[in-house]
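model this:
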Amino acid sequence: MLDESLSGLHLEFDPRWTPSAHRPRRRTIRTWPFAWKASAVALLLLGVGAASRPNVARLLIHSSTPTASASHLLVKSPWPGLAPSAIVPAYASAASAKANETTYLGRLRWQGILTDAVVSLKTPSGTMAVGFRHSAAVWDTLNHQMQNISPATMLAPATGRWQAGSNRPLTSFTAAGPYAYVTSGPLWAVLDGKASHWATAPGVNVVRSQVAALPSDPTHSLLLTEDAGGTQYLYVRSGLRASWTPIALPGVPVLQTVAVANEYWVLAGGVIRVWTPAGTWRTLYAPPKHFVVSTFAVSPDGSRIVVLLVPSSGATGVGPLLLSNDGGHHWTPMTMPWPNGSSPTSLALEPNGAVAAFLPGPPGLVEQYSPTRGVWSILPTPTANSAGTGALAANGNGNLLYSGPAGHLYRYIQQAGAWQALPPIPGGSGGQPPTLLMGIGVNEVVASSPHGWFVFVPSAAPTKAGG
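Residues are numbered from 1 along each chain as shown. This next block holds a predicted model:
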């Protein structure tokens, strides 16, 4: 049984999440024999030249074969004292706009700032570069003008409480109407403000599962399961008391499932597909030949979508980020600088159309795209991230959530332009990032660790200034 400490907690899980004021009567959810595997996407990253130097940014390699060294290509360094190390092909704002990304090694001082490496991305429209010192970005160039990357501004730590969900780690969390759906390995449950019970997914030898529910019909849900042999299955049910009904997979493996309005979007086989309760599949976006969709992010209302393209086997050049402002009918390539030589592993869409991306590097960096200015800006992380691990999410008010490699949680307050530390997850393992991080509603946060999952409820608005 789930921990009843969440019972009656009024959380605003998203702009449409309106927790019921009444207490639904207690009911037992049927159990079946059941499972999901959190499949990770390999982004074909390979360090060249700087790979043997842990304090130097690695390059983004766009195929399984390293490219020629810069010396063989007779590249001349534009900065005195820096020697070219390696060069790789990349794509700038469109698949046809080729660019060269080069790492230069050596000591360079600019306005008193010392660097030991510079990653330069040369595109048809100009050059963008980032200077690194001991694996940390210390300056970048935007609009062809060098700018200091100032240390992160910190607010006073957030105050509030972590509300316990249960002692099981979550593999998925979704909210629709007055309900929240959760999965933990082969178990799933519906939270409705009253004590709920874990149930087992349908199937045999199921080990993992993931659930989603329609915002337009909160009792309609979709369940993705995976058995011990890696075979996946999809099920839907049309009511809280209904049984799971199997439906055909759109392709395997299914990497993401998202409920938008009255349909389910999935990433399967490198293509974004859509399923409606009418029982039909359609393709929302299929990438060009030799490319696959690596990940995608959707705004709460489903109007904006961002997808990341990476090469399939044998292809070179990483594809751009693509943005749709009309639910997937039209797509526009976004200019995407690769300041630390890596492509995003985590994307978050903010309500105003801004896009945030985590680039693992190393070092790990957070970038934010302004739709009004059409440019990306580096958000200095609160602590150095040489490990290159982290995740991003967003709240309904546009504030970002970030988990660092040491398990610390922060949120970026857009209005203040500063970071704020969140209290540690209760019982969390020191130095271990959460296994799941989500923003729900305006301010609340869902985080999961191997010891269980929790909801953070802030006690007050962020305060100014602070250490």
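
only C-alpha atoms for contact and neighbour calcs from this point on.
Will do.

how about the strands in the stretch 251-400 of the chain?
254-260, 263-268, 271-275, 281-285, 291-298, 305-311, 321-324, 332-334, 346-349, 355-359, 365-370, 375-379, 391-394, 400-403 (DSSP state E, counting those that start in this stretch).

between the fourth one and strand 291-298, how many degrees?
The reference is to strand 281-285. With axes from the mean of the first three to the mean of the last three C-alpha atoms, to 10 degrees as the basis, strand 281-285 and strand 291-298 are set at 90 degrees to each other.

Check the third one too.
With the same axes, to 10 degrees applied, the angle from strand 271-275 to strand 291-298 works out at 50 degrees.

Using CSV, write down the CA coordinates of strand 271-275.
Provided in CSV are the C-alpha atoms of strand 271-275 (Å, rounded to 0.1, in the frame of the first residue of the first chain):
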residue,chain,number,x,y,z
VAL,A,271,10.2,8.6,-35.1
ILE,A,272,7.5,10.4,-33.1
ARG,A,273,4.1,8.6,-33.4
VAL,A,274,0.7,9.5,-32.1
TRP,A,275,-2.1,7.2,-30.9
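
In that strand, which residues are buried?
For strand 271-275, a neighbour-count test (16 or more other C-alpha atoms under 10 Å) marks 271-275 as buried.

sorry, back to before: out of the strands of the stretch 251-400 of the chain, which is the most enclosed?
strand 391-394 (a mean of 26; mean count of other C-alpha atoms under 10 Å).

Going by contacts, tell me the helices and strands next to that strand.
Under the contact definition 3 or more C-alpha pairs under 8 Å, 6 or more residues apart in numbering; DSSP states H and E, strand 391-394 sits against strand 346-349, strand 355-359, strand 400-403, strand 436-440.

Sheet partners, orientation included, of the second one?
Same thing as strand 355-359. strand 346-349 (antiparallel), strand 365-370 (antiparallel) (DSSP bridges).

Residue 455 is nearest to which of these?
Residue 455 sits nearest to strand 346-349 of all those, at 19.3 Å, using C-alpha to C-alpha.

Go ahead and measure how far the closest one is from the middle of the chain.
Taking C-alpha atoms, centre = their mean, to the nearest Å, one finds the center of strand 346-349 at 5 Å from the center of the full chain.

Stretch 286-296 now?
For stretch 286-296, the distance to the chain centre is 17 Å (C-alpha atoms, centre = their mean).

And the helices in this protein, which stretches?
Using DSSP state H, no helices are found in the chain.

what's the closest of the helices and strands packed on strand 391-394 to residue 241?
The nearest among these, by C-alpha to C-alpha, is strand 436-440 at 25.9 Å.

That closest one - which strands sit beside it in the sheet, and in what orientation?
Partners of strand 436-440 in its sheet, by DSSP bridges: strand 444-449 (antiparallel).

ok so, going back, same list, the strands paired with strand 355-359, but as TSV with mean pLDDT and distance to residue 383 please.
Converted to TSV, the strands paired with strand 355-359 look like this (pLDDT from 0 to 100; distance: least, C-alpha to C-alpha, whole Å):
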stretch	mean pLDDT	distance to residue 383
strand 346-349	92	18
strand 365-370	90	10
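
what's the closest of the ones you listed to residue 425?
With C-alpha to C-alpha as the criterion, residue 425 lies closest to strand 346-349 of the strands paired with strand 355-359, at 21.0 Å.

Identify the residues contacting the closest one?
In this structure, residues lying in contact with strand 346-349 by C-alpha atoms under 8 Å, 6 or more residues apart in numbering are 295-299, 306, 355-359, 391-394.

Out of these, which one has the lowest pLDDT?
Lowest pLDDT within those is found at residue 359 (86).

So what's the residue count around the residue nearest to that residue when sequence neighbours are not counted?
Closest residue to residue 359 apart from its sequence neighbours, by C-alpha to C-alpha, 6 or more residues apart in numbering: residue 344 at 4.4 Å. Under the neighbour criterion other C-alpha atoms under 10 Å, residue 344 is assigned a count of 22.

Kindly report the same for residue 229.
Residue 229 has 9 neighbouring residues, counting by other C-alpha under 10 Å.

Now do residue 184 against residue 448, distance only.
10 Å (C-alpha to C-alpha, to the nearest Å).

between these two, who's got more neighbours?
A direct count of neighbours by other C-alpha under 10 Å for residue 184 and residue 448 places residue 448 higher, at 26 against 23.

ok, that one to residue 165 distance?
For residue 448, the distance to residue 165 (C-alpha to C-alpha) stands at 9 Å.

Quick check: neighbours shared by the two?
Common neighbours of residue 448 and residue 165 (C-alpha under 8 Å, 6+ apart) are residue 454.

related to what we said a few turns ago, out of the helices and strands packed on strand 391-394, the one nearest residue 206 is which?
Comparison of the helices and strands packed on strand 391-394 against residue 206 by C-alpha to C-alpha identifies strand 436-440 as nearest, at 20.6 Å.
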